[in-house]
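Undergrad: Provided below are the primary sequence and the corresponding predicted coordinates.
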Amino acid sequence: MGARVLLVGLDGLEPAVADRMVNARRLPVLARLMAEGCAGRLQSTFPANSAPAWTSCRTGVNPGKHGAFGFWRRSGYEWPLVSSADIGAATLEQILSRRGRRVCSLNVPLTFPPRPVNGVMVTGLPTPGMRSDFTFPAAVADHLRTRIPDYQADGFGDLDTLDAGHLSAQLARRHAARRDAALWLLGQEQWDLFMVVFTLADKVQHMLWGETEARETEGAPGGEPGAAVEAAYETLDATLGRLLEATGSETTVIVMSDHGFGPCRHLFHVNVWLREHGFLRLHRGHKLRVRRLRRPARGWRPRVELGPPRLRVDWRRTRAFGGLYVECPGLWLNIKGREPDGVITTGTEQRDLSVRLADDLLACRDDEGSPLLRAVVPRDDIYAGLHAAGAPDMLLMPHDEGIRLMGQFTIRSSLEATANSVENRGSHRPVGVLYARGPGCGALREACVSIMDVAPTVLHALDEAVPRYMDGRSMFAE
C-alpha cells in the first residue's frame, strides 16, 4: 500500500481547552497523537471563518486567490450563498484526482454542489438538505440514507436552538451519524486522501459556551467553556480514536481545527452603526417591526425584523455598507461605476470617506469604555490575488476576540450584549489546533504554522509535487 493521508477537521476546537483537557487526561487519543507525533498551533485566515479557512486549507492559498471570504458573496446588492463553483483555485481533491490519486471527502465546507472527483464526495455546509444532490457519485446518497438513516447534511437554520437539552441531543445524534458515515467510507472506499470535518465543537461552542455558569448568573458568557463544551471535546476524541483504529499506523494523520473559540461578550452590528451615523440610509417612511424571541429561563427580549435588507436600503443615499447577512468583517463603499446605484466618486471623495469611517469606527467604545476595534485596514493589506477585489474595501479588526461583528439588521442598537443571545454564546478565535503523526511527520518548522500550509503538507506526504502558486509550504522542518 502506498502513502496515504487521513486529514481530520475538528471545526472550532480551541487550543487552550484541548490542552487543559489533555493535561487532565480527558482526551487520551489526542494525548497519544502528541506523544507519537507532534503538536502545534494553526493560524487561521482573516476572518477566522470556516468558509475562507477550510478553503485555504484545501487550496494552499490566501482568500484573495480562491475568492471565498465567507459563506455569502456580494454581487452588486445581492448576497447569494457561495458554492463550490465559486472557488477560484484548485482544491486538494481536484489536484489529486487529476493526478490519478483516490480521494474521499466528507462534510467539508463549501463543497456543495459536489464536483466530480476520482473517488467520493459528500458535501458539507451549506448543503440545502438530504433531497439535494449532495454526493458524488450520486448513488452514494442512496447508500448513505439506507445504511445511516440519521445522517443529515450540514445546512443553515436546521437546528432547534431554543432548548439547550434538545439542542445537545440533536447535535449528538448528528455527530454519531457523521462518525458512522466516516467509518463506513473508510472501510468501503479505496483512498489516498481521506478528509472529514466534524462540526460538533463549533456548533456547541457557538450556542452553549459557558452554559452551566451562564444559567446561574445573568451577563455575558464566562471564560470557562462549561460542561456541554467539554463533553463535545470528549466525544470528538473518542471519534478520532475510532478513525485511527480503522486506518492503521502506516497512514499519515493530520488533525486540525480551522479556528479556535472563546466567550462572546458583545455583538457589534455594523450596518446598524452605519445607519445610526448616516452612512447607510433606509427608504423614507420605513418602520422597524419589533418581534420577540423567547429563550427558556431567560425571559423575553425585543428584537427587530427588517425583512430582506437589500429591499430596505435606500442605495442612492447610502455611502457605505457591510455584509448584509450574519458576520460582517468589513465595509464596502458605494462607489459610482462599480455599484448599481453608487454615489461615491473614486479619488478624493473615496479617500476622505475611508478616513472618516476609520476614525469614527476606531472611536467606538463598549459599555465599559473599551474600544470595539483595534484597526481598520485596506483589503490590499490582507489579501493578494486575482479574486482580492471580491473582499470588502475596508477590513475591521475587533479589539478583542470577544466582540463579534455582525451584518444583520436585527436590533435598534448597534451594540448588543450576548447575555440573552440564542446563538452567540461563543465566538471564533484566530488560532486552531494541529496534531500530526506518521511517515514524514517530523518536527514542525515553527510552533504556529498557517492553515495555508495544510495542502502543501498533504501533497508532500503523498509524494506529490506542490504547485508553485501555493502560498503555503510544508509545515515540517526539512
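TA: Noted; the coordinates are in hand.

Undergrad: quick one: the helices in the chain?
TA: Listed in chain order, the helices of the chain (DSSP state H) span 15-23, 28-36, 50-59, 63-66, 92-98, 139-147, 164-188, 200-208, 211-214, 227-247, 270-276, 309-312, 348-362, 454-461.

Undergrad: who does the longest one touch, helix- and strand-wise?
TA: For helix 164-188, the contact count by 3 or more C-beta pairs under 8 Å, 6 or more residues apart in numbering; DSSP states H and E identifies strand 103-108, strand 119-123, helix 139-147, strand 193-198, helix 200-208, helix 227-247 as packing neighbours. C-beta: built from backbone N, CA, C; applies to glycine.

Undergrad: picking that back up, ranking the helices of the chain by burial, who's on top?
TA: helix 50-59 (a mean of 29; mean count of other C-beta atoms under 10 Å).

Undergrad: give me the contact list for that one.
TA: Helix 50-59 is touched from outside by 9, 11-12, 44-46, 62-63, 65-66, 68-71, 82, 87, 89-93, 108-110, 125, 195, 197, 202, 256, 258-259, 451-452, 454-455, 470, 472, with contacts defined as C-beta atoms under 8 Å, 6 or more residues apart in numbering.

Undergrad: the same query, at a cut-off of 6 Å, please.
TA: 44-45, 63, 66, 68-71, 87, 89, 91-92, 109-110, 258-259, 451-452, 454 (C-beta atoms under 6 Å, 6 or more residues apart in numbering).

Undergrad: residue ranges in the stretch 101-250 of the chain under the pLDDT threshold?
TA: Along the stretch 101-250 of the chain, segments meeting pLDDT under 70 span 158, 160-163, 212-222.

Undergrad: hmm, back to that, which one of the helices of the chain lies nearest to Ile403?
TA: The stretch from these with the least distance to Ile403 (C-beta to C-beta) is helix 270-276; that distance is 11.1 Å.

Undergrad: what's the average pLDDT for the closest one?
TA: On average, the pLDDT along helix 270-276 is 93.

Undergrad: what do you get for stretch 68-76?
TA: Stretch 68-76 carries an average pLDDT of 93.

Undergrad: now the helices of the chain in JSON lines, with distance to Asn118?
TA: What follows is the helices of the chain, written out as JSON lines (distance: least, C-beta to C-beta, whole Å):
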{"stretch": "helix 15-23", "distance to Asn118": "34"}
{"stretch": "helix 28-36", "distance to Asn118": "28"}
{"stretch": "helix 50-59", "distance to Asn118": "15"}
{"stretch": "helix 63-66", "distance to Asn118": "21"}
{"stretch": "helix 92-98", "distance to Asn118": "4"}
{"stretch": "helix 139-147", "distance to Asn118": "14"}
{"stretch": "helix 164-188", "distance to Asn118": "15"}
{"stretch": "helix 200-208", "distance to Asn118": "29"}
{"stretch": "helix 211-214", "distance to Asn118": "43"}
{"stretch": "helix 227-247", "distance to Asn118": "19"}
{"stretch": "helix 270-276", "distance to Asn118": "43"}
{"stretch": "helix 309-312", "distance to Asn118": "41"}
{"stretch": "helix 348-362", "distance to Asn118": "47"}
{"stretch": "helix 454-461", "distance to Asn118": "15"}
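
Undergrad: quick one: the residue nearest to the spatial centre of the chain from Pro109, how far?
TA: Geometric centre of the chain, nearest residue: Ser50, 1.7 Å, by C-alpha atoms, centre = their mean. Distance of Ser50 to Pro109, given as C-beta to C-beta, to the nearest Å: 5 Å.

Undergrad: what's the answer for Pro456, then?
TA: Pro456 sits 20 Å away from Pro109, going by C-beta to C-beta.

Undergrad: do Arg147 as well
TA: Distance of Arg147 to Pro109, given as C-beta to C-beta: 24 Å.

Undergrad: again with Arg437
TA: To Pro109, Arg437 is 25 Å away according to C-beta to C-beta.

Undergrad: what about the residue lying closest to Leu236 once chain neighbours are set aside, distance to Gly210?
TA: Nearest residue to Leu236, sequence neighbours excluded (C-beta to C-beta, 6 or more residues apart in numbering): Leu10, at 5.4 Å. Leu10 sits 20 Å away from Gly210, going by C-beta to C-beta.
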